[in-house]
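Participant: The sequence isn't on hand, but the structure is:
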């Protein structure tokens, strides 16, 4: 099952995920493909990652969601994602309830209700499996839950559950990096990639090939996407993939995107740059020993 890692602070929102999809044939896991970016951009305000089902109605999940939301007001996006996904999964009658787990994790910036000029960092989960106990417990009903950043300096969350010890370790390393390099992001992106790859080293359902999408607060609503190397400060929506078997050569991609009057199903372009050119931090900027 795809591992989603979400990061949020007052200036940046990030979704990172492994690229593996697993085809289940005859009740047995039989084939892996490390080919898919699993992020959506909701009208320039929220990045969304997902884990569980890679296809609905024969479409990639990101394309399915874009098609469902096209033409709807932004205020209805999250509730619609929950309702439509619940309907589709309830119709999978051959699957037992315990096999129906699915989750979306969203991070980004929304307008403050009291002062619409102010953007507030916020995270959401939309799921039928993220229970209050912190375990993966699939149910029939989907719920939308909001997690404001509040007074916390940052949020780092992994979905599905089961990686708590790993996440705790990387939260400490992120805190160390933020203190050493305030306002910088490339080292945090690198740590998110490392987290996923460490999880992949002990779980063959997770791929070491990783996709990362970054939404800076200054880019919210601009509709501008970065093309080229990820440089500090990051001021445009930027997304890239790292394929370990190819020496971490980078591909740029545009996440599937939807607004009331615009929709894109995403695109990927091989860029031909190494990960180091994308700002992998030097060892001295990495996690503490």
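Facilitator: Nice, I can see it. Here the structure is a predicted model, which is why all the values come from computation and not from measurement. Numbers count the residues shown, from 1 in each chain.

Participant: which strands and helices sit next to the one helix or strand residue 239 maps to?
Facilitator: If you go by DSSP states H and E, residue 239 is part of strand 238-243. Applying 3 or more C-beta pairs under 8 Å, 6 or more residues apart in numbering; DSSP states H and E, one finds that strand 238-243 contacts strand 210-216, strand 249-254. Every C-beta, even on glycine, is put in place using the N, C-alpha and C of the backbone.

Participant: Could you tell me the least trusted of these?
Facilitator: The weakest mean pLDDT among the helices and strands packed on strand 238-243 belongs to strand 249-254, with a mean of 81.

Participant: what about stretch 141-158, average pLDDT?
Facilitator: On average, stretch 141-158 scores 95.

Participant: repeat for stretch 196-205
Facilitator: Throughout stretch 196-205, pLDDT has a mean value of 94.

Participant: returning to that earlier point: would you list the helices and strands packed on strand 238-243 in JSON lines and tack on mean neighbour count and distance to residue 139?
Facilitator: Output for the helices and strands packed on strand 238-243, formatted as JSON lines (neighbours: other C-beta atoms under 10 Å; distance: least, C-beta to C-beta, whole Å):
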{"stretch": "strand 210-216", "mean neighbour count": "25", "distance to residue 139": "28"}
{"stretch": "strand 249-254", "mean neighbour count": "20", "distance to residue 139": "33"}
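
Participant: Could you export the ones you listed to CSV, including columns for distance to residue 92?
Facilitator: Shown next, in CSV, are the helices and strands packed on strand 238-243 (distance: least, C-beta to C-beta, whole Å):
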stretch, distance to residue 92
strand 210-216, 26
strand 249-254, 29
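
Participant: Now do the strand holding residue 239 and strand 249-254, the angle between them.
Facilitator: 140 degrees (axes from the mean of the first three to the mean of the last three C-alpha atoms, to 10 degrees).

Participant: For strand 238-243, which strands pair with it and how are they oriented?
Facilitator: Here strand 238-243 has these sheet partners by DSSP bridges: strand 210-216 (antiparallel), strand 249-254 (antiparallel).

Participant: Point out where the stretch 151-289 of the chain drops to low pLDDT.
Facilitator: In the predicted model, the stretch 151-289 of the chain carries pLDDT under 70 at residues 223-229, 267-289.

Participant: Now do the strands in it.
Facilitator: All strands of the stretch 151-289 of the chain, identified by DSSP state E, counting those that start in this stretch, fall at 155-159, 210-216, 238-243, 249-254, 256-259, 262-264, 267-274.

Participant: For beta bridges, what are the partners of the nearest residue to residue 149 once chain neighbours are set aside?
Facilitator: The shortest distance from residue 149 to any non-neighbouring residue, by C-beta to C-beta, 6 or more residues apart in numbering, is to residue 121 (4.4 Å). Judged by DSSP bridges, the bridge partners of residue 121 are residue 109.

Participant: Tell me, how many residues neighbour residue 121?
Facilitator: By other C-beta atoms under 10 Å, the residues close to residue 121 number 21.

Participant: Which pLDDT value goes with it?
Facilitator: At residue 121, the model reports a pLDDT of 97.

Participant: was I right about it contacting residue 217?
Facilitator: Yes - here residue 121 reaches residue 217: they are 7.4 Å apart, a contact under C-beta atoms under 8 Å.

Participant: Next, show the common contact partners of the two.
Facilitator: 10, 13, 109 (C-beta atoms under 8 Å, 6 or more residues apart in numbering).

Participant: Please check those and keep the buried ones.
Facilitator: Buried residues within these, counting neighbours by 16 or more other C-beta atoms under 10 Å: 13, 109.

Participant: and the strand holding residue 239, how far out from the chain's middle?
Facilitator: Centroid separation for strand 238-243 versus its chain: 12 Å, with C-alpha atoms, centre = their mean, to the nearest Å.
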